[in-house]
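> with the input below, show me the fold.
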Amino acid sequence: MHSTASRPLRVALSVAAASLVLSVALAGCSPTPSGTLAQPASAGGSVTESAAGLTDDDGYIPDGSSLPLDSDLPAVSRLDPDLLSALKDAQDAMQGDSSGPGITIADGWRSERYQEHLFAQAVQEYGSEEEAEKWVKRGSDSAHVRGEAVDIADAGAMDYLNRYGSEWGLCQVYANEAWHFELRTEPGGDCPAQSPDGRG
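From the prediction side, this is the model:
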């Protein structure tokens, strides 16, 4: 069943659910086998397509799915090489610190067409362009379109990157999006103050 909620809202709900799983796991209960709620998207063979006609070539990742950092699909392969390298280095360190899962992404590179579709959805969801801009940038204004941003799918990886990501230059950019990371500092530097939302 396809949700009519905007992608940022669906990601927020996924983050809330993943945080609940993480809280239960930390309380001593067993986590899910993969450590995440999201499952890998189509890795080849068949083309994933949304109801709006978006495909893998647009960077489309189906709701509830995620991609590993070694995926050859455009959402990962068209990321800025420095961003992808930093994420892989952080993943290596994270896996070295624990037996936790790797980093998976719910969103990475997106085509401008996909970004415009997401903005239009957000306008419908939030009732105005001004409110939508808190969550979704327009077209080429988005770091996702430039391949310079990822939305992390797993709450454990989000937490790790929030605590240690600056070691690789990775920073959470928006206070209202715990999942959105970009390269915003030199490795080992301090992350800049987060913007309250996508307008800042």
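> setting aside sequence neighbours, what's the nearest residue to the residue nearest the centre of the chain?
For the chain, the residue sitting closest to the mean C-alpha position, by CA atoms, centre = their mean, is residue 151 at 1.1 Å. Nearest non-adjacent residue to residue 151, counting by CB to CB, 6 or more residues apart in numbering: residue 107, 3.9 Å away. No exception for glycine: its C-beta is placed from N, CA and C like everyone else's.
> any idea how far residue 64 is from residue 56?
16 Å (CB to CB, to the nearest Å).
> when the two are compared, which one has more neighbours?
The neighbour comparison of residue 56 against residue 64 (other CB atoms under 10 Å) goes to residue 56, with 20 against 15.
> ok, back up a step: and the residue nearest to the centre of the chain, what helix or strand is that in?
strand 150-152 (DSSP states H and E).
> so what strands line up beside that strand?
Applying DSSP bridges to the sheet, strand 150-152 is found paired with strand 104-107 (antiparallel), strand 180-183 (antiparallel).
> quick revisit: pretty sure the residue nearest to residue 151 contacts residue 150?
Yes: here residue 107 reaches residue 150: they are 6.8 Å apart, a contact under CB atoms under 8 Å.
> just the helices in this structure please.
Here the chain has its helices, by DSSP state H, at 7-26, 74-77, 81-97, 112-126, 129-132, 155-164.
> which one of the ones you listed is the most hemmed in?
Counting by mean count of other CB atoms under 10 Å, helix 74-77 has the highest mean neighbour count of those, with a mean of 22.
> tell me which residues are up against it.
The contact list for helix 74-77, computed with CB atoms under 8 Å, 6 or more residues apart in numbering, reads 41, 56-61, 67-71, 84, 105, 107-110.
> neighbours of the residue nearest to residue 151, how many?
Neighbours around residue 107, by other CB under 10 Å: 24.
> any idea how far the closest residue to residue 181 other than its chain neighbours is from residue 92?
Among residues not flanking residue 181 along the chain, residue 170 sits closest, at 5.1 Å (CB to CB, 6+ apart). Going from residue 170 to residue 92 by CB to CB gives 13 Å.
> same question, residue 188
16 Å.
> pLDDT weak spots in this structure?
Residues of the chain that meet the criterion pLDDT under 70 lie in 1-47, 51, 99-100, 200.
> let's see that with 50 instead.
Low-confidence segments of the chain, defined by pLDDT under 50: 1-6, 8-45.
> please consider this matter closed, and thank you.
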